Structures are given as C-alpha cells and as structure tokens.
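Participant: Fold the following and give me the result.
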Amino acid sequence: MKEAPERVRAILATLGIGEDLIRSRSLPLCPEAGELVRAEVGDDGREHRLAPAAASAWLAMKKAALEDGVSISIASAFRSIDRQVEIVQAKLARGASLEAILAVSAPPGYSEHHTGCALDITTDGVPPFELAFEKTAAFRWLSANAARFGFTLSFPPGNRYGYQYEPWHWCYRASTARLKEGLRVVALFEALKGTLALLAAGGLFYAIPRDFRHIAEELAGRLHLNAGKSYPNVFNRIIEDTTNAQLWMIGALVLVYAVVRFAEGYGLWREKRWAEWLAALSGGIYVPVEIYELTRGMSWIKLCALALNLCVVAYMCYVLRRTRTSSRRG
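Facilitator: Okay, the predicted model is just below:
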C-alpha cells in the first residue's frame, strides 16, 4: 500500500485515526486532483467541479439519461483534503464515534472525492445521500448504463473497504471509459459490412480497378455476403427482370442484412447493450462456418476474416462481462 505523505499522516494523527486502521481496511490513498473544471451548478448555485475527463463523461452520461427520460444531477463532486477534515471534525463535535464516522466518511487523504473523479448523484423525488436512491429509476438506469461512460459504483453492499452501502456514490475510471473506444471500432466494422453488402448487390464492385476487384469480391464472401458475391449486381438484375421471384428474395435478404449491420453499428456507437449482445451472438454464429471454409482451402483472406471475427466476438464478450460486473460490484 502506498505510504501517505507527511501532511496526511499528521492530519490522521490529529484526528486520532491510526495507520493500522488504514492498513486493515486496505484503503487506497487518493491524491487531490491537479486540474478541475466546472461540471455542473446546483439549484442552490453551488458549483460542482470534476477532473476534465470525468466532467466530460458526466455530461455525456447525464445527456444520455435525459434522452431515456431519467433525470440525474450532482449532489457532491470534488472535495479537498481540508474539507474532509472539516467534515470529520464536525461529526466528532456532534458526539459521533470515530468508528461510526469512518463507516460513512473516508479519512482525509483517502476519499475518492479528492481525485475529482467521484461524485454523489441524486434525482428528483428523493433527498440526497439516502438509501431510498436505490429504489429510483435513476439508480436502475445507472446500474445498467453508467459503466459505458466510465463510471462504477464504488461502495456496493459488503464492499471490501468497510464503508456502508452508498448507491449514490459513483467514480469515473479511465480503464472503463476505454471500452467506448473499442465499441466504436467494432461499430465502424459492422457499418463497413453493411456498406459492402450494398456495393456488391448494386454492382458497384465493377467501379473498382480490375486488379483489386477479386479481392473485394472475396472479402464480401468472407464477410458472409454470399448473396452479394453470387449476384454482384442483383439490384440491377431486378430492374431488368422484375418478375424473377428469386432475385427479389436475394435483394430483400441483402437489404435486411445491410439494415441489421447499420443498426448494429449505430447501437454500438451509442453504447446500447442490445447491440453488444447482437454483435457477440451474430459474430459467434459465423465462427464455425469460417472454420469449415478453412478446411476446404486456405487463403489469407479467410484467415484474416476468421481472426477479425474472433477478435470481435472475444471483445464483445469482454465488454458484456465487464459492464455487468461493474454494475453489480462497482
């Protein structure tokens, strides 16, 4: 465990908080943020500040919640070490025991609020800092969606730090936020598949230089666009032969495929959980097909397609597991 600086050790000694208590609860040292920006102004005019990355993530999360009909706001954000000292001293002055205080308040130097990444969230209809927050639509929404914006519940029931359950306390963690970047890469990949399907069915592969056309057609086949590969200008052929039911069916299948891929890409870009499940399941379905194709003949495009699909499936499973774990345990 990282040793506390002299200033923090002196504060703990003044308050009568032994370092053995810090060690026994494995409390992590929380340095004060070096840079803060205004994240929100409360109805009472109080300014709530966060670290820049946490503030940006908060604003994005607040907007997404509002789009889903859920109102969330900040009850408390950055808190300095000196302010934490004042809180503990005020509780001691009111006759509270140190043990009771440290069950709900972190020792100075060990509060996540010092980092500018933690915030206490409230919503309409319930007072701040009350367990009733757990019964609100806001808490249910946060449990399902906060991890997508980099926020996790810090102190769930039975947490390892020995704090009481705080359903309102969430902390921004950059490692969780990086999931968003990966999701957007997968979203672009899925949109590319939908675009290739339309290009193949529209006969636009003929606009590609002859030397690269066979690569594009092979890629379309490896991305499971077999209809587009077998009928690379199916839309034009429908126009020429409007009575051919088979062409109409193939054209419809290509359109459905493209719409699904675009919808999946949109959902992943917006970090929707249904899109994550769709990406994992639809990608997993094709893995046995790709392996079978390899047994019929090896090619670098087949190998690349299998590797890409395995990476997508593995990453989506990781995202689903990570977001679920973050929602349950913080």
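
Participant: who's in contact with W58?
Facilitator: Contacts for W58 (CB atoms under 8 Å, 6 or more residues apart in numbering) come out as A39, E40, L50, I74, L119, F149, F151, Y172. Where you see a C-beta, it was placed from the backbone N, CA and C, and this is true even at glycine.

Participant: again, 6 Å this time
Facilitator: The neighbours of W58, taking CB atoms under 6 Å, 6 or more residues apart in numbering as the test, are A39.

Participant: Now the host helix or strand of it: buried residues?
Facilitator: Secondary-structure element containing W58, defined by DSSP states H and E: helix 52-67. Residues of helix 52-67 classed as buried by neighbour count (16 or more other CB atoms under 10 Å): A53, A54, A55, S56, A57, W58, A60, M61, K62, A64, A65.

Participant: Over to stretch 291-305?
Facilitator: Quick answer for stretch 291-305 (16+ other CB under 10 Å): E293, K302, A305.

Participant: what sits against the second one?
Facilitator: When the contact criterion is CB under 6 Å, 6+ apart, the partners of K302 are E293, L294.

Participant: Could you list the low-pLDDT ranges of the stretch 101-250 of the chain?
Facilitator: Scanning the stretch 101-250 of the chain for pLDDT under 70 picks out 175-178, 201-241.

Participant: Show the residue spans covered by the strands in it.
Facilitator: If DSSP state E, counting those that start in this stretch is used as the criterion, the strands of the stretch 101-250 of the chain fall at 118-122, 151-153, 169-172.

Participant: Spell out which residues make up each domain of the chain.
Facilitator: Using automatic domain parsing, the domain parsing of the chain gives 6-177, 179-322.

Participant: Tell me, how many residues neighbour T243?
Facilitator: 7 (other CB atoms under 10 Å).

Participant: same deal with A252?
Facilitator: Counted with other CB under 10 Å, the neighbours of A252 add up to 13.

Participant: Closest one of the buried residues of stretch 291-305 to G158?
Facilitator: Nearest to G158 among those: A305, at 45.3 Å, using CB to CB.

Participant: what about the closest one, which SS state?
Facilitator: Here A305 takes the helix state, with states given by DSSP: H, G, I helix; E, B strand; the rest coil.

Participant: got the CA coordinates for stretch 181-194 in PDB?
Facilitator: C-alpha atoms of stretch 181-194 as PDB (Å, rounded to 0.1, in the frame of the first residue of the first chain):
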ATOM      1  CA  GLU A 181     -13.300   3.400 -28.000                       C
ATOM      2  CA  GLY A 182     -13.300  -0.300 -28.800                       C
ATOM      3  CA  LEU A 183     -17.000  -0.300 -29.200                       C
ATOM      4  CA  ARG A 184     -16.700   2.400 -31.800                       C
ATOM      5  CA  VAL A 185     -14.100   0.500 -33.800                       C
ATOM      6  CA  VAL A 186     -16.500  -2.500 -33.900                       C
ATOM      7  CA  ALA A 187     -19.300  -0.200 -34.900                       C
ATOM      8  CA  LEU A 188     -17.400   1.000 -37.900                       C
ATOM      9  CA  PHE A 189     -16.500  -2.500 -38.800                       C
ATOM     10  CA  GLU A 190     -20.200  -3.500 -38.800                       C
ATOM     11  CA  ALA A 191     -21.100  -0.500 -40.800                       C
ATOM     12  CA  LEU A 192     -18.400  -1.400 -43.400                       C
ATOM     13  CA  LYS A 193     -20.000  -4.900 -43.700                       C
ATOM     14  CA  GLY A 194     -23.400  -3.300 -44.500                       C
END
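
Participant: Tell me which residues of that stretch come out buried.
Facilitator: L183, V186, A187, F189, E190, A191, K193, G194.

Participant: cool, stretch 141-148 as well?
Facilitator: Using 16+ other CB under 10 Å as the test for burial, stretch 141-148 gives W141, L142, S143, N145, A146, A147, R148.

Participant: from those residues, which single one is nearest C317?
Facilitator: Of all those, A147 has the smallest distance to C317: 15.1 Å, by CB to CB.

Participant: From M61, how far off is the closest one?
Facilitator: Distance, A147 to M61, by CB to CB, to the nearest Å: 10 Å.

Participant: same deal with Y163?
Facilitator: From Y163 across to M61, the span is 23 Å (CB to CB).

Participant: repeat for G95
Facilitator: G95 sits at a distance of 39 Å from M61 (criterion: CB to CB).

Participant: Ok, D43 next?
Facilitator: With distances taken as CB to CB, D43 is found 19 Å from M61.

Participant: Also G18?
Facilitator: For G18, the distance to M61 equals 38 Å [CB to CB].

Participant: Contact partners for G194?
Facilitator: Contacts for G194 (CB under 6 Å, 6+ apart) come out as A258, R261, F262.

Participant: and what of G116?
Facilitator: By CB under 6 Å, 6+ apart, G116 lies in contact with A33, L36, L50, A51, F78.
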